[in-house]
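S.K.: here is a sequence with its predicted model. Questions after.
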Protein chains: 4
Amino acid sequence: MRRVDGTISATRKPPPACEKTTVVSRTGPRRSESVRLAVLHAADDLLVERGFAALTIEGIAQRAGVAKQTIYRWWKSKVDILLDTLTDDAREALEWRADESRGVEETLTSHLQRVADFFEEPAGQVLLALLGHAQLDSETAASLRAGFLKEQRERDIAGLRDLLARDQDLTFDDRTLDHLVDLLLGPLYYRVLVSGSPIDKELVETTSRLVLALAREPSTRNP
Amino acid sequence: MRRVDGTISATRKPPPACEKTTVVSRTGPRRSESVRLAVLHAADDLLVERGFAALTIEGIAQRAGVAKQTIYRWWKSKVDILLDTLTDDAREALEWRADESRGVEETLTSHLQRVADFFEEPAGQVLLALLGHAQLDSETAASLRAGFLKEQRERDIAGLRDLLARDQDLTFDDRTLDHLVDLLLGPLYYRVLVSGSPIDKELVETTSRLVLALAREPSTRNP
Amino acid sequence: MRRVDGTISATRKPPPACEKTTVVSRTGPRRSESVRLAVLHAADDLLVERGFAALTIEGIAQRAGVAKQTIYRWWKSKVDILLDTLTDDAREALEWRADESRGVEETLTSHLQRVADFFEEPAGQVLLALLGHAQLDSETAASLRAGFLKEQRERDIAGLRDLLARDQDLTFDDRTLDHLVDLLLGPLYYRVLVSGSPIDKELVETTSRLVLALAREPSTRNP
Amino acid sequence: MRRVDGTISATRKPPPACEKTTVVSRTGPRRSESVRLAVLHAADDLLVERGFAALTIEGIAQRAGVAKQTIYRWWKSKVDILLDTLTDDAREALEWRADESRGVEETLTSHLQRVADFFEEPAGQVLLALLGHAQLDSETAASLRAGFLKEQRERDIAGLRDLLARDQDLTFDDRTLDHLVDLLLGPLYYRVLVSGSPIDKELVETTSRLVLALAREPSTRNP
DNA sequence: TGATAACCGAGACGGTACGTCCTGTCTTCCT
DNA sequence: AGGAAGACAGGACGTACCGTCTCGGTTATCA
């Protein structure tokens, strides 16, 4: 996010973006990093405190001690701000940790458990809100899926591929892994998004056991 | 909806009150059924045509040829209206059809396929919008889960129970069925809500095969 | 108001008014006098309690325990109701009392004082409200002037004529009396309507003395 | 209204505050004078065209090509807008013009005639509407009397004092002048507000002659 | 002694305007 | 040039009454 030359790159394209060198004799102050953080934190706090519906650009501006126009200069909507917070906060929480010292089953289970726990954290709330809003607004859906969700799915596929390679010393093609990820994460997201009930340990274990079993079937290995 | 005596039964609770008999000698005009339908249809149409964000009470009122106050008299928000349309339209589309002439696998697969198709229909769009909004507003979440989703889950559990009974002549306890339903529907909802990509036939088949296999394991039968 | 035959005559023309005989075979109940009084009192009370702006047909109906439609059946607006209360209450308060035992000056002064006091009473408040509303709505102005104000002015002219006859044994023509009444009442109404300050005794005395002096001038007597 | 430095002085109190100097370094846009005038003219026009009852904030906004919120930012009601137009338009029409070349009687008569004519003009209609509304709403009454009417009365007292000084080289105390003004203007306002009939020349002449006669009485001079 | 027609309560309905809130754009000034 | 302050056009919100319109229930005559 922070480049060597000290300028900031928003997730969004900085005006029309000069990719290589910013030689342009820039005068006046550059984008203030403190403003950026103040806005992201204000948005995050307000979302958790009051919920998405009560989250307004004006509210964020006031809370962050920033002018409305300043927000519009760098983000094009409140959704855009939240997308920015996601990138900073959620990636780490959902990463796959290869722990060689533990068995494959246990590794998978503990990853799923981490996913389950993530939904309780603020960053998880942000993701849920964005997923919710994506159902209501196709532009949000496009941004979210082209950005965070796409990257996260790549990480999930890579993570699962590595794990299965450790388990059976075999590689799966992408289509198969795609399905396995759906089967793995689907029930968890379903619980959170649809049922709204907490993800219990049993669901985590059943799911991971089932997917592993499926992966080990000969028919899956040779699709 | 229309009872024999000509009075109207709103899907929504008739002013809290009076569980057994409405003794209060009600005089004056009754609720107009035509108004009710005009509003539900207007809301449904506008949602599909223009999306949730562009769905406003004023827009619905205008489209339905109805006064705004009339809407507020019977529904407390646009979400409330959508909840009403759901009850009328979605139940049938998601019901389990016991087709004795076909095998258990095929029955399950075709039910899942019907669920997948449902999301393409207007009523499915309404459900998705409501699920989306439920992530943003806890009151919506509560209404949706206490109403439609609760009933639908009961139907799903009953449907699955009947199917498995036919398959193995065994009964499963509710907790187990709960999990099986999560595993069965989770991947489908995940695809629609998170990935946003259409549900392909392969996912439907894999999922139903997998869940059936799990149900047939001795460890599942005797939990 | 109450006729011999028991039917009621609203100040307003009863439907299209059959002045002489109501031969139309009337069956069913006649207008309820209790309803009429309940409405007039409710309107009066609410006007004094909450002011004209807060006076609504629905409020009057509720206060009077009467259906809105019942009000619309007999009066065509809240102003119409207030006009009705005026006729009942204000006439007496503003009548000229010929007290032979007292001097002309004293009689005139005490009449003006009674006018001044009238504005403090509920009925006076109603008149002020109607005069106010007459500035805003020409229909109100027309009704008020064609009804109460016209009658009152006739009483005022007659009263002044009698008094001056007693004073000088002379008769004045109507044009002159018209002007004298304007000069007599103008300052009082000006105080109440424009200044909003109470009418002090000095104004009452100066005014009556002045008008009497004018009336006694030879130039006035022979215009 | 427009100061040398280009800032605007609303007739209405600038957010309570700062009697002497506005030190608060105000940045950002200032109030748009063109908006202010557009609103005042729209209100004035609509009042004359359609009457007070049909005068709505939304109508004014539309006519002025202005957002409703912009009106609410600067005025708190339609009455507040009319009060503003009064200050701009009525002061001049009601001022006392000392014309040394003419006699005292003639000066007084011509002033009264100007008052009479004023009621026919748009600004006079505004004053009548406000006086009417003041009878219905005590807040309007308070604003009107504390603002325009108070200043106007001061001008009237000063005008009459100067005129009488020219006539008799005597000064009158304020209480006496107060009464004289009531006697002078009362009949005119009574005609307009109560009778609703036009002010004829005779009333103007009689009134001014009468008041002048009273002022010349020794008893008035030495109260 | 019904029949029947009006009165009356209750309140749904299509409307209009209210006053508030937030949006996204803009202008102005300050640093 | 960046940023604060905030005015502005716009549009939806949810509320309050308006005046009209059914509904049933209830009388008080007249057949």
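M.R.: Okay, I see it.
S.K.: after the helix or strand encompassing residue A:106, which helix or strand is next?
M.R.: Using DSSP states H and E, residue A:106 sits in helix A:104-118. Next helix or strand after helix A:104-118 toward the C-terminus (DSSP H and E): helix A:122-136.
S.K.: do any residues in the next helix or strand after that next one lie close to DNA strand E?
M.R.: Using DSSP H and E, the helix or strand that follows helix A:122-136 in sequence is helix A:138-144. No. Using C-beta under 7 Å from any atom of the strand, helix A:138-144 stays clear of DNA strand E, with a minimum separation of 10.6 Å. The C-beta positions use only the backbone N, C-alpha and C, and glycine is treated the same way.
S.K.: which residue does chain A bring closest to chain D?
M.R.: Of all residues in chain A, residue A:67 sits closest to chain D, at 9.1 Å by C-beta to the nearest C-beta.
S.K.: which pLDDT value goes with that residue?
M.R.: You'll see residue A:67 listed with a pLDDT of 93.
S.K.: element containing the residue lying closest to it once chain neighbours are set aside, please.
M.R.: Spatial nearest neighbour of residue A:67, excluding adjacent residues (C-beta to C-beta, 6 or more residues apart in numbering or on different chains): residue A:61 at 6.3 Å. In this assignment (DSSP H and E), residue A:61 forms part of helix A:57-64.
S.K.: so which bits of that helix are buried?
M.R.: A:57, A:60-61, A:63-64 (16 or more other C-beta atoms under 10 Å in any protein chain shown).
S.K.: about what we covered before: and the residue of chain A closest to chain D, how many neighbours?
M.R.: The number of residues packed near residue A:67 is 13, by other C-beta atoms under 10 Å in any protein chain shown.
S.K.: and if you look at residue A:41?
M.R.: Neighbours of residue A:41 (other C-beta under 10 Å): 14.
S.K.: distance of it from residue A:84?
M.R.: From residue A:41 across to residue A:84, the span is 11 Å (C-beta to C-beta, to the nearest Å).
S.K.: same check on residue A:196?
M.R.: Taking C-beta to C-beta, one finds residue A:196 at 27 Å from residue A:84.
S.K.: ok, now residue A:127?
M.R.: Residue A:127 is 13 Å from residue A:84, by C-beta to C-beta.
S.K.: helix, strand, or coil at residue A:53?
M.R.: coil (DSSP: H, G, I helix; E, B strand; the rest coil).
S.K.: so who does it touch?
M.R.: B:136-137 (C-beta atoms under 8 Å, 6 or more residues apart in numbering or on different chains).
S.K.: same thing with residue A:52?
M.R.: Residue A:52 neighbours (C-beta under 8 Å, 6+ apart): A:129, A:132-133, B:135-137.
S.K.: next up, phi/psi of it, please.
M.R.: phi -60, psi -40 (degrees, to the nearest 10).
S.K.: tell me the pLDDT of residue A:12.
M.R.: 38.
S.K.: for the one 5 residues further on, same thing?
M.R.: Predicted confidence (pLDDT) at residue A:17: the value is 33.
S.K.: residue numbers of chain A in contact with chain D?
M.R.: Chain A comes close to chain D at no residue, as judged by C-beta under 8 Å from any C-beta of the partner chain.
S.K.: which parts of chain A are helices?
M.R.: Per DSSP state H, chain A carries helices over the ranges A:33-50, A:57-64, A:68-74, A:78-93, A:104-118, A:122-136, A:138-144, A:150-168, A:174-190, A:201-216, A:218-221.
S.K.: put together TSV for those helices, with distance to residue C:184 on each row.
M.R.: Formatted as TSV, those follow (distance: least, C-beta to C-beta, whole Å):
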stretch	distance to residue C:184
helix A:33-50	67
helix A:57-64	61
helix A:68-74	64
helix A:78-93	70
helix A:104-118	88
helix A:122-136	73
helix A:138-144	76
helix A:150-168	91
helix A:174-190	88
helix A:201-216	94
helix A:218-221	109
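S.K.: for those helices, which has the smallest mean pLDDT value?
M.R.: helix A:218-221 (a mean of 71).
S.K.: and chain A, what are its domains?
M.R.: A:1-75, A:83-221 (automatic domain parsing).
S.K.: quick check: which of the ones you listed is buried the most?
M.R.: Mean neighbour count (mean count of other C-beta atoms under 10 Å in any protein chain shown) peaks for domain A:83-221 among these, with a mean of 18.
S.K.: mind checking how far it is from the chain centre?
M.R.: Between the centre of domain A:83-221 and the centre of its chain there are 11 Å (C-alpha atoms, centre = their mean, to the nearest Å).
S.K.: can it be said to contact chain B?
M.R.: Yes. Interface with chain B: domain A:83-221 contributes A:128-129, A:131-138, A:141, A:145, A:149, A:153, A:179, A:182-183, A:185-191, A:193-196, A:202-203, A:206-207, A:210, A:214 (C-beta under 8 Å from any C-beta).
S.K.: distance of residue A:103 from DNA strand E?
M.R.: 49 Å (C-beta to the nearest atom of the strand, to the nearest Å).
S.K.: got phi/psi on that residue?
M.R.: Main-chain dihedrals, residue A:103, degrees, to the nearest 10: phi -70, psi 170.
S.K.: got a list of what the closest residue to residue A:79 other than its chain neighbours touches?
M.R.: Excluding the flanking residues, the one nearest residue A:79 by C-beta to C-beta, 6+ apart is residue A:140, at 5.0 Å. Shown in contact with residue A:140 (C-beta under 8 Å, 6+ apart): A:79, A:130, A:133-134.
S.K.: mind running it again at 6 Å?
M.R.: Contacts of residue A:140 were listed using C-beta atoms under 6 Å, 6 or more residues apart in numbering or on different chains, and they are A:79, A:133-134.
S.K.: turn these into CSV, including distance to residue B:158.
M.R.: Listed next are the contacts of residue A:140 as CSV, based on distance: C-beta to C-beta, whole Å:
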residue, distance to residue B:158
A:79, 39
A:133, 34
A:134, 32
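S.K.: ok, of the residues you listed, which one's closest to residue A:165?
M.R.: Closest approach between those and residue A:165, by C-beta to C-beta: residue A:134, at 32.5 Å.
S.K.: just give the closest residue to that closest one, not the sequence neighbours.
M.R.: Using C-beta to C-beta, 6+ apart and skipping the chain neighbours, the partner closest in space to residue A:134 is residue A:141 (3.9 Å).
S.K.: likewise for residue A:174?
M.R.: residue A:157 (6.8 Å).
S.K.: gap between the one you found and residue A:96?
M.R.: Distance from residue A:157 to residue A:96, by C-beta to C-beta: 10 Å.
S.K.: ditto for residue A:134
M.R.: Residue A:134 sits 24 Å away from residue A:96, taking C-beta to C-beta as the criterion.
S.K.: same check, this time on residue A:135
M.R.: From residue A:135 over to residue A:96 (counting by C-beta to C-beta), the distance is 27 Å.
S.K.: same question for residue A:179.
M.R.: On the measure of C-beta to C-beta, residue A:179 and residue A:96 end up 18 Å apart.
S.K.: check residue A:161 too.
M.R.: Distance, residue A:161 to residue A:96, using C-beta to C-beta: 10 Å.
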